[in-house]
Structure formats: C-alpha cells, structure tokens
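[1] Predicted structure and sequence below. I'll ask about it afterward.
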Amino acid sequence: MASRKPVRWHIAVFLAPAVLVYTALMIIPLFGTLAQSLMNEDAAGVRVFVGLQNFATLFGDALWSDAFWNALGNNTWFFVIHMLVQNPIGIALAAILSTPRLRMAAFYRTAIFIPTILSFVIVGFVWKLILSPIWGIAPGMLDAVGLKSLFAPWLGKEEYALTTLALVSVWQFVGIPMMLIYAALLSIPDEVIEAAEMDGITGWSQFWKIKLPLILPAIGIISILTFVGNFNAFDLIYVAQGALAGPDFSTDILGTFLYRTFFGFQLQLGDPYMGSAIAGAMFGIILVGVCIYLFGIQTRLRRYQF
Amino acid sequence: MSARASTGRTIAAHAVLLTYTLIALFPVFVIVINSFKSRKAIFADPLALPVPGNFDWVGYETVLKQGDFFLYFQNSLIVTCASLFFVLLFGAMAAFALSEYRFRGNTLMGLYLALGIMIPIRLGTVAILELMVASGLVNTLTALILVYTAQGLPLAVFILAEFMKSVSHDLKNAGRIDGLSEYRIFFTLVLPLVRPAMATVAVFTMIPIWNDLWFPLILAPAEHTKTVTLGAQVFIGQFVTNWNAVLAALSLAIVPVLVLYLIFSRQLIRGITAGAVK
C-alpha cells in the first residue's frame, strides 16, 4: 500500500505496560548499578566520579581482592561441579526415560523433578539436618553399609563444605537438564532411529553416534542456563551457611559476597559503591559467558532439520 | 535383539530410575515423617514411621503459636498471584504487538525485551533498593510485585510471542472485517486461543516468585510483609535447636508447593518439553 497509514496507537498501548515496567525495574536499575560502580564518596561524603577505581580496588587491593578472587574461585568450582555431575546425570536419566514403551515413565519424571520446585530455604535446611552429626541420619545410613568411618561433618569442614553444597544444588536442579534433554530426545524422529537400527547401530553406540549429536543444541542450552544460574546463586549458601559463608568463607560465592558488601555484616558497614562494583563484575562475567555461548558455541552447533 | 536382552535392559532401566527417585524423594520423606514424632523418637530412630507410640503434634503447635505463618502465607499468595496476573496480562499484550504488527523497531524491541532472559534482575538490586527507598515502597508488597513482574516479563513475552505467531490470520482478519477493534481481537479472539501457553508461562513464573528469598530479604523484611520463604528462614533460624518446630515448619513449607506441583505437573512438563523442541 502506497498511502501512509495513520499512527497505530494500539501498538503503543499493547507494548507500553510491559516496556514501562521492564525498563523502570530492570534496565534502569541495571545500568544505574553499573553507573554507580564508577562512583564513590569523597572525604566530605559527596558522590564523585572515580572511573574504574572501584574495580581496581576490587581486583587489586588485598583488602578486597582476596575475598573477590576467593568468591570467584569458589563460584567457578561450584559451576564445574554442576557441569560434571548435574548435566551428565540429567542426560543419563533422560536417555533412560526416553526408552520406548517404558512403564511408569510419567511417575519417575514427576518424582525426580520434585526437588526442583522446592525453595532453597527448604532444600538448605533439609540437607543441613540430614548431614548433621547430631541427628544420626547420614552417619546411621553409612553405618548400615559399613562405611561409617567415611562420615565427616561435611558442611562444617573447610575442605568439603563447598563441594557438599554444590552437590546439594545438583540434587535440587538435576530435573531441569533431565527434562530439556528428554524433550530433545523425544523430538528425534522415529525414521532416524529406525534407519540406525537397520544399519545395526543399537543400544549404547546408538546413543553416542546418533542421539548425542542430535541433542547437542539442547546440551548447549542447559550449559548456559547452568552458567547463568550458578554465577547468580545466593540463596542456598545463605540459607545453609549464613551471610558469612562459613566455615571461614570457604563457601563464599559472588552472590553472598555481593550481599555482604552491600548490606554490611557484623561490624563492617555496607558499601553501595563496592557492592555495585561486584554486581558490575558479575554482570561482566555473565555477559562474557552468554556471548561465548551465543557467538562461539551456538552458531557452530550443527542443527538438523527433519 | 533377543527378547531376553531387552527384558534385562528394561529391568536395569527401572532399577536406575527407581534408585534416583529414592534419592530425590528420601530427604523430603524423612523431614515430613519426623515432623510428626516426639523429640525422643526423632533422635532415637529417625527412619521410623510415625506410629501411635511416638506420635507428637508439638512441633506444629509451636509453629502455629510462635510464627505468624497464616500472614506469611497470605503475603506470598498476594505477591505471587498479583505478579502472575501482571506478567500474563502485560506479557500477552506485548507479545501480541510484537507478533501481530509490523512496525519500525519491532525486532529491536523484541531483542530489548529478551535481554532480561539472560541477565538476572538481581544484578540491579543496589539501584532497585534505592528506587524503592526513594518512592517509599520499602516494606510493601507492591515493591515485590513490581520487581517480580519485571522479572517474569521477558520469558513470558518470548514464549507467548512464539505461540501467537501460530494463531490463524484468517480468524483475526475475519474479526477485523466484522468491525472488531484491535483490542477486542486481542481479548476475545487471541487470548482464549493461547490459554495453554499462558498456563505454561504461569507455572514457570510462579515457582521462582514463590521460592525467592533475595528480594523479600532486601525489599520487604518487615514482619507484616514477610513471605512464607523468608518467614520460614527466619523462624528456623530462631528455633534452630527446637527440632520439632524446625521439622514442622519445613513440612508446612513443603506441602502447599508439593500439592500445587502435583496438580500442575502435567502442564509444567508439557510446557518444558514443548518449549525445548523448538
């Protein structure tokens, strides 16, 4: 049509509420926080622009950088455990669940997903109680299989606490990779599987050679979801170990570090500027991860159209 | 493949799945059964079922007397339902605008709204708190509803726009010829057709809101605005040595979510599996 259309106000009306709420509470605060990370107060308590000073302090000044690198290292380990334990278990469960004509598949699916819907508060305390040396459940069960000597108060030991909490988080979220991979496996057309069987490829080799390449995009998605979720985690550590992420900061991750810095703890006052700098660092880490996924991984994955 | 080998494989599959189901459900099971037992029985035999000999309500009595759980529950319900309503309404409207009309900046607007799927809203907490302090919304449920609406919108718009693209154009054009306004077309023709997708989005939006601890802790920690999640966290922190009360509080926090999940699990699972196929 060549004639100029009148202004279509209804488009604006449809878009306005969502765009306004989203911009006001998500985009502006996000950039506000990033801007604030470049500010600080001078001696008179006036807000001044300091450039990247806060980040230099965060990465280089021993007073801050020790805690920051510790949190970043712990967070990375937290993520590694998820990638090495949660996602393989999820994929394995999905592969078994998608066996054709498996009975009770719906029951297993529903049951295994239950931990995922529980809040961190419940999950944190439930495991704290179960692993507690006072209450005999974990030592009692190990005793029943003759391994009592293996028991240790895992959450209280510096060398085990972080790994234990990461495994608790794995227990909680294994349902998500399971479901996504399960869906991807179901979407593989029967003809492909039948053709593989005609060629004599069955069982394990069928999974490795035929199905796995076809579900790689789904594995990419669960990896980036895990990454964003892990580098943004806070609740489980806070519930199980408190804001101090004990013992001796051995379970401190970026989320708890941000919370402590921003709100202060014990005798230290909260610092919104350094808090913003930590949020800015987290933003950078997540952005880099998402970009690596979008441009480095997703575009190289071969997608098959059926 | 011989029949026997396949039977063996089926048994192995069931064994693995059953084992993992036990791992998934065992902790929840232990907490719930022990919440009905006396303090002595909790420690003497943690794995025993509650029977008349060791049965005790004392944990639940403490929780109901000490914690204001009805208020917390009400707060959670208000926050979750109101946020859900706004996410679905605003999200569907924006999704309709993006999927139905061609206008300048359409793709850009879509990308702008999708940004929030990957970047967590928590990173803006510092500025959100300042905003809420400035507008006097700290310690109100409104603050939480606003934040959760913003948090839920990106994914809602993304999923609903995908579904709305599949609504037949003939139907909408027939409506236009009959003189329906664009608003009527949206509310009376399109919305009823995407109801299944709305239900899926609802479940996805609801769970993180109900379970969130971060924003209630920061924006609304006052006694009269505590949500169930925060209330349970604080209560358990105070009663940490009263095992009966802790176990009862945990059970009370688990059961409503579990019941809702069992009602909606089909919807949720269908939603995840449908979304992932794309």
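    Looks like it came in fine.

[2] need the helices for the stretch 151-278 of chain B, in chain order.
    Applying DSSP state H, counting those that start in this stretch to the stretch 151-278 of chain B gives helices spanning B:169-177, B:182-184, B:191-193, B:195-211, B:214-219, B:228-238, B:243-277.

[3] Can you name the residues of the stretch 151-278 of chain B that neighbour chain A?
    B:151, B:153-154, B:157, B:181-183, B:186, B:207, B:210-214, B:218, B:229, B:232-233, B:236, B:243, B:246-247, B:250, B:253-254, B:257-258, B:261-262, B:265, B:268-269, B:272-277 (Cβ under 8 Å from any Cβ of the partner chain). Backbone N, C-alpha and C define where each C-beta goes, glycine included.

[4] redo that, cut-off 6 Å
    Counting by Cβ under 6 Å from any Cβ of the partner chain, the stretch 151-278 of chain B comes close to chain A at B:153, B:182, B:207, B:211, B:213-214, B:229, B:232-233, B:236, B:250, B:253-254, B:257, B:261, B:265, B:272-273, B:276-277.

[5] From those residues, keep the buried residues only.
    Neighbour counting by 16 or more other Cβ atoms under 10 Å in any protein chain shown classes B:153, B:182, B:207, B:211, B:213-214, B:229, B:232-233, B:236, B:250, B:253-254, B:257, B:261, B:265, B:272-273, B:276 among these as buried.

[6] The nearest residue to A:Pro177 once chain neighbours are set aside is in what secondary structure piece?
    Closest residue to A:Pro177 apart from its sequence neighbours, by Cβ to Cβ, 6 or more residues apart in numbering or on different chains: A:Gly90 at 2.9 Å. Using DSSP states H and E, A:Gly90 sits within helix A:87-97.

[7] which parts of that helix are buried?
    A:Asn87, A:Ile89, A:Gly90, A:Ile91, A:Ala92, A:Leu93, A:Ala94, A:Ala95, A:Ile96, A:Leu97.

[8] distance between that helix and the chain's centre?
    Offset of helix A:87-97 from its chain centre (Cα atoms, centre = their mean, to the nearest Å): 18 Å.

[9] Not counting that helix itself, show me its contacts.
    Contacts of helix A:87-97 with the rest of the structure, by Cβ atoms under 6 Å, 6 or more residues apart in numbering or on different chains, involve A:Ala105, A:Val174, A:Pro177, A:Met178, A:Ile181, A:Tyr182, A:Leu185, A:Phe207, A:Ile222, B:Ala13, B:Val16.

[10] quick one: which of those sit in helices?
    Counting by DSSP state H, the contacts of helix A:87-97 place A:Ala105, A:Pro177, A:Met178, A:Ile181, A:Tyr182, A:Leu185, A:Ile222, B:Ala13, B:Val16 in helices.

[11] Which two among those are spaced furthest apart?
    Among the ones in helices among the contacts of helix A:87-97, the pair separated by the greatest distance (Cβ to Cβ) is A:Ile222 and B:Ala13, at 21.8 Å.

[12] of those two, who's got more company?
    A:Ile222 (25 against 18; other Cβ atoms under 10 Å in any protein chain shown).

[13] coming back round to it: could I have the helix holding A:Gly90 exported to CSV, CA atoms only?
    Provided in CSV are the C-alpha atoms of helix A:87-97 (Å, rounded to 0.1, in the frame of the first residue of the first chain):
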residue,chain,number,x,y,z
ASN,A,87,24.4,-32.4,33.5
PRO,A,88,25.7,-35.9,32.9
ILE,A,89,23.3,-37.4,35.4
GLY,A,90,20.5,-35.4,33.8
ILE,A,91,21.4,-36.6,30.4
ALA,A,92,21.7,-40.2,31.6
LEU,A,93,18.3,-40.1,33.3
ALA,A,94,16.7,-38.5,30.2
ALA,A,95,18.3,-41.2,28.0
ILE,A,96,16.8,-44.0,30.2
LEU,A,97,13.5,-42.2,30.5
